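S.K.: fold the following for me, if possible:
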Amino acid sequence: MARIKRRDAEAQRTQRVGRQLPHHSLRSLRLCVSALKNKTSSAGIPYCPAPASPPTSRANPPTRLKKTAFTALQVLVTVGILYAVFHDRAKRAEMAHALGKADRWWLLAGFGAYGVVEICAGVRWQLLLRVQGIALSWARVFMLLLIGVFFNFIIPGGTGGDVVKIFYLLKETPGKRTQALLAVLVDRLIGLFALIAMAGVLIAAQWHWLVSAPDAVKYIWTALAILGGSLAALGVSFLLTGFGLIHKIPNRLPGRDKLAELALAYNLYGRAWKPSVSAFFLSVGAHVAYFAMYYCAAASFKAALDPLD
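M.R.: A predicted model of the protein is given here:
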């Protein structure tokens, strides 16, 4: 009876320890218990096999090197473009002459309009970050925003600045990688929503003027196709995520991870509808100020333009 009690107590201790061990260690423990029952060494000491080593994962490909090489290529392209534009001394003199004759008040108004663009963008991003529980000061938000703007001008493409902005944002918010990525993603999406809405309104208001030139008609239909495709893509992503269909998409399908991120973003920012709506109207204000900046630039060079054109 005493031997049975000791064996039961030993089994209970083994189970308690086994619950706290990973799968590979639990397997080794079971092998050890089996060996204790069946085998002993030549010295009479119970034999226990060595614990199995955990499975090792294959090394990730050197993606960092690829990203660095791609960024270096973008910088080289930018330097080449700047050299092609400014290497001609006659062209530099012509540009300096044109700037000298420009209306300085219109140029100043254009700078002010662009300042409104970045203020709206900074306030919008701060609202979206707070929804994710990321608390940054206004100074840090605008600093990161301007860093992204700088790299958008330096690196060709529309995402170079966002990549740099995400890099520095992750340094500011360790442990919140998903939240930071979603804040930048939704910032882009809301800006796209506002741009599509404004484009639809302007196309409807200026339709007769847009199709008055036969050469421009084909470009108008191309733009409408792109606009419709963007709306369809956003609608499909909303349906897939809203009805929980994202889980039925095969794992091998390209873009599934992005749709999963959209599902999380739609769910979170849909519940926080007040900051989302405020961000939408801030995006509209930013787009209007952007158009105003171009109008001021054209007016400074005495170009006669209708603001709606």
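S.K.: who's in contact with Trp138?
M.R.: For Trp138, the contacting residues are 122, 126, by Cβ atoms under 8 Å, 6 or more residues apart in numbering. Where you see a C-beta, it was placed from the backbone N, CA and C, and this is true even at glycine.
S.K.: 7 Å - rerun?
M.R.: Gln126 (Cβ atoms under 7 Å, 6 or more residues apart in numbering).
S.K.: distance of it from Val123?
M.R.: Trp138 sits 9 Å away from Val123, going by Cβ to Cβ, to the nearest Å.
S.K.: list residues touching both of those two?
M.R.: In contact with both Trp138 and Val123: no residue, using Cβ under 7 Å, 6+ apart.
S.K.: tell me where the stretch 51-200 of the chain has helices.
M.R.: Remark: helices assigned in the stretch 51-200 of the chain by DSSP state H, counting those that start in this stretch are 63-86, 89-101, 104-131, 138-154, 160-172, 177-205.
S.K.: using TSV, lay out those together with distance to Ala292 and mean pLDDT.
M.R.: Output for these, formatted as TSV (distance: least, Cβ to Cβ, whole Å; pLDDT from 0 to 100):
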stretch	distance to Ala292	mean pLDDT
helix 63-86	25	73
helix 89-101	20	80
helix 104-131	4	93
helix 138-154	18	87
helix 160-172	22	82
helix 177-205	13	86
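S.K.: export these to JSON lines and tack on distance to Ile226?
M.R.: Output for the helices of the stretch 51-200 of the chain, formatted as JSON lines (distance: least, Cβ to Cβ, whole Å):
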{"stretch": "helix 63-86", "distance to Ile226": "24"}
{"stretch": "helix 89-101", "distance to Ile226": "33"}
{"stretch": "helix 104-131", "distance to Ile226": "23"}
{"stretch": "helix 138-154", "distance to Ile226": "21"}
{"stretch": "helix 160-172", "distance to Ile226": "21"}
{"stretch": "helix 177-205", "distance to Ile226": "10"}
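S.K.: Ala298 is nearest to which of these?
M.R.: Closest to Ala298 of those, according to Cβ to Cβ: helix 104-131, at 8.6 Å.
S.K.: angle of the closest one against helix 138-154?
M.R.: 120 degrees (axes from the mean of the first three to the mean of the last three Cα atoms, to 10 degrees).
S.K.: pull out the buried positions in helix 104-131.
M.R.: 106-107, 109-110, 113-114, 116-117, 119-129, 131 (16 or more other Cβ atoms under 10 Å).
S.K.: with stretch 199-219 instead?
M.R.: Buried, per 16+ other Cβ under 10 Å, within stretch 199-219: 199, 210.
S.K.: ok so, going back, and of the helices of the stretch 51-200 of the chain, who's closest to Ala303?
M.R.: helix 104-131 (10.1 Å).
S.K.: please name every helix or strand in contact with that closest one.
M.R.: helix 138-154, helix 177-205, helix 273-300 (3 or more Cβ pairs under 7 Å, 6 or more residues apart in numbering; DSSP states H and E).
S.K.: tell me the helix or strand right after the longest one.
M.R.: Under the assignment DSSP states H and E, the closest C-terminal helix or strand after helix 177-205 is helix 207-210.
S.K.: give me the contacts around that next one.
M.R.: Against helix 207-210 from outside (Cβ under 7 Å, 6+ apart): 203, 216, 220.
S.K.: ok, 6 Å please
M.R.: Defining contact as Cβ atoms under 6 Å, 6 or more residues apart in numbering, one finds that helix 207-210 is touched by Ile220.
S.K.: going forward, begin numbering at 879 instead of 1
M.R.: That works, and once the first residue is 879, the last one we named lands at helix 1085-1088.
S.K.: what does stretch 1160-1168 rub up against?
M.R.: 991, 994-995, 998-999, 1001-1002, 1068-1069, 1072-1073, 1076.
S.K.: export that stretch as PDB, just CAs?
M.R.: Only the C-alpha atoms of stretch 1160-1168 are listed here, as PDB (Å, rounded to 0.1, in the frame of the first residue of the first chain):
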ATOM      1  CA  LEU A1160      -9.400  67.300 -41.500                       C
ATOM      2  CA  SER A1161      -8.300  65.300 -44.700                       C
ATOM      3  CA  VAL A1162     -10.800  67.400 -46.700                       C
ATOM      4  CA  GLY A1163      -9.300  70.600 -45.300                       C
ATOM      5  CA  ALA A1164      -5.800  69.400 -46.100                       C
ATOM      6  CA  HIS A1165      -6.800  68.600 -49.700                       C
ATOM      7  CA  VAL A1166      -8.400  71.900 -50.200                       C
ATOM      8  CA  ALA A1167      -5.400  73.700 -48.800                       C
ATOM      9  CA  TYR A1168      -3.200  71.600 -51.100                       C
END
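S.K.: average pLDDT across that stretch?
M.R.: The average pLDDT within stretch 1160-1168 is 94.
S.K.: could you give the number of residues near the closest residue to Ala980 other than its chain neighbours?
M.R.: Leaving out its chain neighbours, the residue that sits closest to Ala980 by Cβ to Cβ, 6 or more residues apart in numbering is Ser1178, at 4.4 Å. As a burial measure, Ser1178 scores 20 neighbours (other Cβ atoms under 10 Å).
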